[in-house]
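Asks: I need the structure of the sequence given here:
(2 chains)
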Amino acid sequence: GENVEQHPSTLSVQEGDSAVIKCTYSDSASNYFPWYKQELGKGPQLIIDIRSNVGEKKDQRIAVTLNKTAKHFSLHITETQPEDSAVYFCAASKGYNNDMRFGAGTRLTVKP
Amino acid sequence: GAGVSQSPSNKVTEKGKDVELRCDPISGHTALYWYRQSLGQGLEFLIYFQGNSAPDKSGLPSDRFSAERTGGSVSTLTIQRTQQEDSAVYLCASSLDDSPLHFGNGTRLTVT
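Replies: Residues are numbered from 1 along each chain as shown, chains lettered A, B, ... in the order given. Now for the predicted structure:
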């Protein structure tokens, strides 16, 4: 089955700097890659997603890139703010939610 | 509108007791999922309900775990004879078919 690895497990940046979180997946048939943000005491919330027919997607300060050949995808957050502090999860699926597999998460801390 | 609602938000139980966790999905969402989130781990898929189809129980870790979804809406996850390793946050999510997942805030289960 699909295996998703996520790095780093923790990331600390200064406010205003950029943050990058990377994930690799094992199943070349995976074609949908969402990113979730989980704040303390809350459930994960979808922040951006990308499908395999697209190499990059951007939404304001966040962007996701996908390299299908290398089977890795990354989340980029620019101009980080303290409210970006949370745990971020990547995931991969073959288009069906019941086969979605999640990475172990990255705890991002943005220092004011 | 109302999101996915889970209750209780916290549950402390003694080893060997049974527990029931409840999930109210977003109205009209046909698909419902249960995940388990252990400390420092990613989200582990447990079970998936889609409409009137037979549930996908492939993620349930043992026969002590079961779930049902009544009337295509509310779901209950039951853990019998709880063990300390069952301590985790149990997350419920719902979606329209295979559209993005909407998560509840979870139930934090502690088995003493």
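Asks: Next, the contact list for the residue in chain B that chain A sits nearest to, please.
Replies: Using C-beta to the nearest C-beta, the single residue of chain B nearest to chain A is B:Phe103, 3.2 Å away. All C-beta atoms are positioned from the backbone trio N, CA, C, and that covers glycine. B:Phe103 makes contacts with A:Tyr36, A:Gly43, A:Pro44, A:Gln45, B:Val4, B:Leu91, B:Cys92, B:Ala93, as judged by C-beta atoms under 8 Å, 6 or more residues apart in numbering or on different chains.
Asks: elements contacting the lowest-mean-pLDDT helix or strand in chain B?
Replies: Lowest by mean pLDDT, DSSP states H and E among the helices and strands of chain B is strand B:43-50, with a mean of 92. Packing partners of strand B:43-50 (3 or more C-beta pairs under 8 Å, 6 or more residues apart in numbering or on different chains; DSSP states H and E): strand B:31-37, strand B:65-69, strand B:75-79.
Asks: export those strands to TSV and tack on mean pLDDT?
Replies: Listed next are the helices and strands packed on strand B:43-50 as TSV, based on pLDDT from 0 to 100:
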stretch	mean pLDDT
strand B:31-37	94
strand B:65-69	96
strand B:75-79	98
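Asks: Could you list the contact residues of chain B toward chain A?
Replies: Contacts of chain B with chain A, taken as C-beta under 8 Å from any C-beta of the partner chain, map to B:4, B:31, B:33, B:40-43, B:45, B:48, B:50, B:56, B:91, B:93, B:95, B:98, B:100-106.
Asks: mind showing which ranges of chain A have poor pLDDT?
Replies: For chain A, applying pLDDT under 70 flags no range at all.
Asks: the helices in it, which residues?
Replies: Read by DSSP state H, chain A holds no helices at all.
Asks: residues in contact with the residue in it positioned nearest to chain B?
Replies: Nearest residue of chain A to chain B: A:Gly43, at 3.2 Å (C-beta to the nearest C-beta). Applying C-beta under 8 Å, 6+ apart to A:Gly43 gives the contacts B:Val4, B:Leu91, B:Ala93, B:Phe103, B:Gly104, B:Asn105, B:Gly106.
Asks: if we go to 6 Å?
Replies: By C-beta atoms under 6 Å, 6 or more residues apart in numbering or on different chains, the contact set of A:Gly43 is B:Leu91, B:Phe103, B:Gly104, B:Asn105, B:Gly106.
Asks: Could you check how far it is from A:Glu79?
Replies: Going from A:Gly43 to A:Glu79 by C-beta to C-beta, to the nearest Å gives 26 Å.
Asks: what's the neighbour count on residue 78?
Replies: Since no chain was named, I'll use chain A. Using other C-beta atoms under 10 Å in any protein chain shown, A:Thr78 has 14 other residues around it.
Asks: oops, chain B please
Replies: 13.
Asks: Would you check that it makes contact with B:Leu21?
Replies: No: using C-beta atoms under 6 Å, B:Thr78 is not in contact with B:Leu21, being 7.8 Å away.
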